[in-house]
Structures are given as structure tokens and as C-alpha cells.
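Enquirer: when you get a sec, could you give me coordinates for this:
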Amino acid sequence: MSYTTKDSGKREEYSTGMRRDTQEGKPRYDLLYLPMMKRRAELLERGAIKYGERNWEKASTEEELNRFKASAFRHFIQWLSGEEDEDHAAAVTFNIDAVEMIKEKMLNESK
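Expert: Got it, this is the predicted structure:
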């Protein structure tokens, strides 16, 4: 495989003389709330122990998509109600991730 280095044509220059391509138009992962990312990773760890690693990525059907939607909604209501028996915020985002993954799989299968 041959790789290329993308070039926006714009440069940022630093006081040391170092130059870099601009960050403009690129995802800003550095702005994500890291404690929430950790909570999501911890949720995935608990799920891996309970169901097996990457089990959720096996899903690819409308039925599974609807199951993740139902879970996302249930956890959202539990989060909104202030329940703290589980990490409902992390569960909401996990289930939405799963729905989006399945939607992408289904879209790719229809092509």
C-alpha cells in the first residue's frame, strides 16, 4: 500500500520555525470531554466481560438496531430522571453508537 500526506495548502507557523498543515476542517478530538470517554471505555470493558469482546459489533439487522434504540431511550430516561444505579449517560452514547454502526452496515449492504 502506498500512502500520501494530505495537504490543505494552508500552513501554521510556530515561533520555533516549525510549520504544520492547518487543523482547519479537521476533527477536533482534543476537545472531547475525556472523563466521559473514560466512562464509555469502562462501560465497554464491563460489556466485554459480560458478553465477550466486540460482541455488539456483530449486530447488523433491523431487529438489533431497534433493540439498541430501545436501550438508548430507556437509559436516556433513566439518566434524565437522575438514576445513578448504572452509568446511564455512557449507556446512552454506547447504544447510539451501535445504532449508527448498524445503519452504516445496512447502507453498505444495500449498495
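
Enquirer: and Val92, how far is that from His75?
Expert: 5 Å (C-beta to C-beta, to the nearest Å). Just so you know, the C-beta spots here come from the backbone N, C-alpha and C atoms, and that holds for glycine as well.

Enquirer: sorry, slip of the keys, the one I care about is Gly17.
Expert: Remark: distance between Gly17 and His75 (C-beta to C-beta) = 50 Å.

Enquirer: the more surrounded of those two?
Expert: His75 (22 against 6; other C-beta atoms under 10 Å).

Enquirer: list the buried residues for the helix or strand harbouring that one?
Expert: His75 is part of helix 62-80 when elements are defined by DSSP states H and E. By neighbour count with 16 or more other C-beta atoms under 10 Å, helix 62-80 contains the buried residues 64-65, 67-68, 71-72, 75-76, 78-79.

Enquirer: how far is stretch 100-108 from where the chain is centred?
Expert: Centroid separation for stretch 100-108 versus its chain: 14 Å, with C-alpha atoms, centre = their mean, to the nearest Å.

Enquirer: check which residues of it are buried.
Expert: For stretch 100-108, the neighbour count (16+ other C-beta under 10 Å) marks 101-102, 105 as buried.

Enquirer: nearest to Leu34, of those?
Expert: Ranked by distance to Leu34 (C-beta to C-beta), the buried residues of stretch 100-108 are led by Met101 at 22.5 Å.

Enquirer: what's the spacing between the closest one and Glu13?
Expert: From Met101 to Glu13 the distance is 40 Å (C-beta to C-beta).

Enquirer: Ser110 too?
Expert: Separation of Ser110 from Glu13 (C-beta to C-beta): 47 Å.

Enquirer: and the contacts of the helix or strand harbouring Phe94?
Expert: Under the criterion of DSSP H and E, Phe94 resides in helix 88-109. Identification of contacts with helix 88-109 by C-beta atoms under 8 Å, 6 or more residues apart in numbering yields 36, 39-40, 42-44, 47, 56-57, 59-62, 64-65, 68-69, 71-72, 75-76, 78-79.
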